[in-house]
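*Asks:* structural data only, the sequence is not supplied:
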């Protein structure tokens, strides 16, 4: 299994997120468990391009301190919603031969949804731990409704196995 941590960047990792404190707590538990059990963690950062305030060199682009990568963990950049838009990441994942991806990060209705569906289409078994993705209110749904829509209706039994945080920790630990 490989753990993907997608777009948990300083510019969008704050208390505007749905269930922010629980999200950070769950993310740190998942990352800590993966590290203790030698599960590879790959970080992905979204780059909106020069002048956007959300590109390499900008504070908002940096990975949030609460989930910062260790020195040996890979970091890839993407410029579209799906992390599979980065050909180097896609090639690396193929070369590993790993067919299980645990996907976590931001935002539920953008980059996480696109990455979940792209992974599914490529034949990966996708695992989504409860409370390890989040988003903001939008013009159509509040953040809680958006989160529930994807995690309880859209992904389960279609694109991903949505599991409790406890089950995810057991999976990372090889139980």
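*Replies:* Arrived safely. Nothing here was measured: the structure is a model prediction, and the numbers come from that model. Numbering: from 1, shown residues only.
*Asks:* the nearest residue to residue 110 once chain neighbours are set aside: how many residues sit nearby?
*Replies:* Leaving aside its chain neighbours, residue 110 sits nearest to residue 81 (5.3 Å; criterion: Cβ to Cβ, 6 or more residues apart in numbering). In short, each C-beta sits where N, CA and C put it, glycine included. Counted with other Cβ atoms under 10 Å, residues neighbouring residue 81 total 20.
*Asks:* identify the residues contacting the spatially closest residue to residue 31 that is not a sequence neighbour.
*Replies:* Once flanking residues are discounted, residue 31 sits nearest to residue 67: 5.9 Å by Cβ to Cβ, 6+ apart. Each residue near residue 67 by Cβ atoms under 8 Å, 6 or more residues apart in numbering is listed here: 5, 8, 13, 24, 27-28, 31.
*Asks:* now with 6 Å?
*Replies:* Taking Cβ atoms under 6 Å, 6 or more residues apart in numbering, we find residue 67 in contact with 8, 27, 31.
*Asks:* report the buried residues of stretch 145-154.
*Replies:* Buried positions in stretch 145-154, judged by neighbour count with 16 or more other Cβ atoms under 10 Å: 146-147, 150-151, 154.
*Asks:* and what of stretch 28-42?
*Replies:* Neighbour-count burial for stretch 28-42, counted by 16+ other Cβ under 10 Å, picks out 29-31, 33-35, 39, 41-42.
*Asks:* now do residue 175, the pLDDT please.
*Replies:* pLDDT for residue 175: 89.
*Asks:* residue 147 versus that one, what's the distance?
*Replies:* Shown here: residue 175 relative to residue 147, a distance of 27 Å by Cβ to Cβ, to the nearest Å.
*Asks:* quick one, helices of this structure?
*Replies:* Using DSSP state H, the helices of the chain run over 20-36, 87-96, 113-121, 143-148, 165-172.
*Asks:* mind listing what residue 156 touches?
*Replies:* By Cβ under 6 Å, 6+ apart, the contact set of residue 156 is residue 162.
*Asks:* that one pairs with what?
*Replies:* Beta bridges link residue 156 to residue 160, judged by DSSP bridges.
*Asks:* per-residue pLDDT, the residue located most distally from the centre of the chain?
*Replies:* Farthest-out residue of the chain from its mean C-alpha position, per Cα atoms, centre = their mean: residue 51, at 24.9 Å. Here the pLDDT value assigned to residue 51 is 95.
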